[in-house]
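> can't give you the sequence, but here's the structure:
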């Protein structure tokens, strides 16, 4: 009987530890970012067979709002994935949050398999641990979002591309299908085709073997076309953000923002700022040193970064999740080169293991901070948001005391529609109130709504009558 190697045992233990820590950071609520509500609404429409109606209702929300809260429809891959959970449990969030953990662990596994042939086993384990135990990432496992699924699929595609030249037609077709799956989760998954291109390149062999090289593209576009035929559109509405929000000033701000964004990965660690600048400098060394053999990954990395820099809106670390594993990998490679160079120049006076020790410290510090965040283990923490008792009390009032065709104005309109089935939009303009029947104000204050202290001063062809109030929410009927 052949027993697993020590490396296999340690890596399995790492995945289990990451899963325990991530699960222990779950809360019984959700934050107010209502992308989660849009995903659940689209999943419900798949279950109910009314996808086109859902898109039309969301178009109303988008077009009537003073600020676009999102696209007319998100890509349908993630809603399709969670639709069985929604069919069984409804909008209960813990089952939906659980989707994140296995996909994050799959991403860590794909990353480990990618770097394992390129460095010693202990080094690969250390680098995988720095990713798997990172508190900034594990804390966001608590959110209902497509980012972890996309992280897993995109990392898996880049792993499979390492065997491109020896791959069978079936293998290449599987790569194309996975790229189609990535596009169905996040539209920017189409950039993975750039990694495919640089895997075969414009070589003489590539031209001679063009039928074989066409397979992943054909499979990817067939999958994308199938998705377009089955599901309604709406993702093209993303382009409206460019026309409405793009400016050279915002572009400059985005360049600075995204170049410093990986600092969030180290933020909770003692000495995190130092780790960030060291890792970023070493990343540049490593990317340059591995530019030929890692050209597919680098091309995908740079194009993805350029896309998000050009995108007017910023969404924090989650946008660059697919880049973080390779940020760590290239930083490691840069450190290995620099350490070897210093040993050659200085001799034994330079400790050759200092570089490996640095990443060991980062992994250990990540474990310590994540363990502190996870305490007490498996005890849910309550947070204020769309699932708290004050919000539920307000939803109940809207469902029971307002007509089914009422239009409700709320700063998180998709969450409102999820819990009340009322058409909604958001606004921070008094003049827009005439377009609704009720307006709900978060008394704690929030962006994308009127100031709680000034709402009753709004004037126009209407008057506001208070009809509901609790410690956090107030509802006014708009009487025209």
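Structure received. Being a predicted model, the structure only gives us computed values, none of them experimental.

> could you use CA atoms for every contact and neighbour count after this?
OK.

> can you count the residues close to residue 166?
The tally of other residues near residue 166 (other C-alpha atoms under 10 Å) stands at 10.

> contact partners for it?
Contact criterion C-alpha atoms under 8 Å, 6 or more residues apart in numbering gives no residues in contact with residue 166.

> could you measure from it over to residue 119?
Noted for residue 166: a distance of 22 Å to residue 119, by C-alpha to C-alpha, to the nearest Å.

> what of residue 156?
According to C-alpha to C-alpha, residue 156 and residue 119 sit 19 Å apart.

> neighbour count: those two, which is higher?
Counted by other C-alpha under 10 Å, residue 156 and residue 119 do not tie: residue 156 has more neighbours, with 22 against 13.

> give the contact list for the more buried one.
107, 110, 111.

> ok, of those residues, which one's closest to residue 320?
residue 107 (13.6 Å; C-alpha to C-alpha).

> in which helix or strand would I find the closest residue to the closest one other than its chain neighbours?
Excluding its sequence neighbours, the residue lying closest to residue 107 (C-alpha to C-alpha, 6 or more residues apart in numbering) is residue 152, at 4.1 Å. Take DSSP states H and E as the rule and residue 152 turns out to sit in helix 147-160.

> quick check: the residue nearest in space to the middle of the chain vs residue 128, distance?
Nearest residue to the geometric centre of the chain (C-alpha atoms, centre = their mean): residue 147, 2.7 Å. Noted for residue 147: a distance of 19 Å to residue 128, by C-alpha to C-alpha.

> quick check: residue 422 touching residue 408?
Yes: here residue 422 lies in contact with residue 408, judged by C-alpha atoms under 8 Å, at a distance of 6.6 Å.

> who's more crowded, those two?
residue 408 (27 against 22).

> would you mind confirming that the more buried one makes contact with residue 424?
Yes: using C-alpha under 8 Å, residue 408 is in contact with residue 424, at 4.8 Å.

> what about the residue lying closest to residue 404 once chain neighbours are set aside, distance to residue 72?
What sits nearest to residue 404 in space, not counting adjacent residues and going by C-alpha to C-alpha, 6+ apart, is residue 422, at 6.5 Å. Distance of residue 422 to residue 72, computed by C-alpha to C-alpha: 17 Å.

> and residue 412, by the same measure?
Distance from residue 412 to residue 72, by C-alpha to C-alpha: 15 Å.

> residue 15: what's it in contact with?
Listed by C-alpha under 8 Å, 6+ apart, the contact partners of residue 15 are 105, 132.

> what residues sit buried inside the host helix or strand of it?
Taking DSSP H and E as the criterion, residue 15 maps to helix 6-24. Residues 11, 14, 15, 17, 18, 19, 20, 21, 22, 23, 24 are the ones in helix 6-24 that count as buried (16 or more other C-alpha atoms under 10 Å).

> quick check: of those, which lies closest to residue 124?
residue 11 (9.6 Å).

> how about the closest one, nearest residue that isn't a chain neighbour?
residue 125 (6.6 Å).

> looks like that neighbour contacts residue 112 (just checking).
Yes: checked against C-alpha under 8 Å, the pair residue 125 and residue 112 is within contact range at 7.2 Å.

> circling back to that earlier point, of the contacts of residue 156, which belong to helices?
107, 110, 111 (DSSP state H).

> mean confidence score for stretch 255-271?
The average pLDDT for stretch 255-271 rounds to 93.

> pull the residues that contact it.
For stretch 255-271, the external contacting residues (C-alpha under 8 Å, 6+ apart) are 134-137, 272-273, 275-276, 305, 308-309, 316-317, 324, 362, 365-366, 369.
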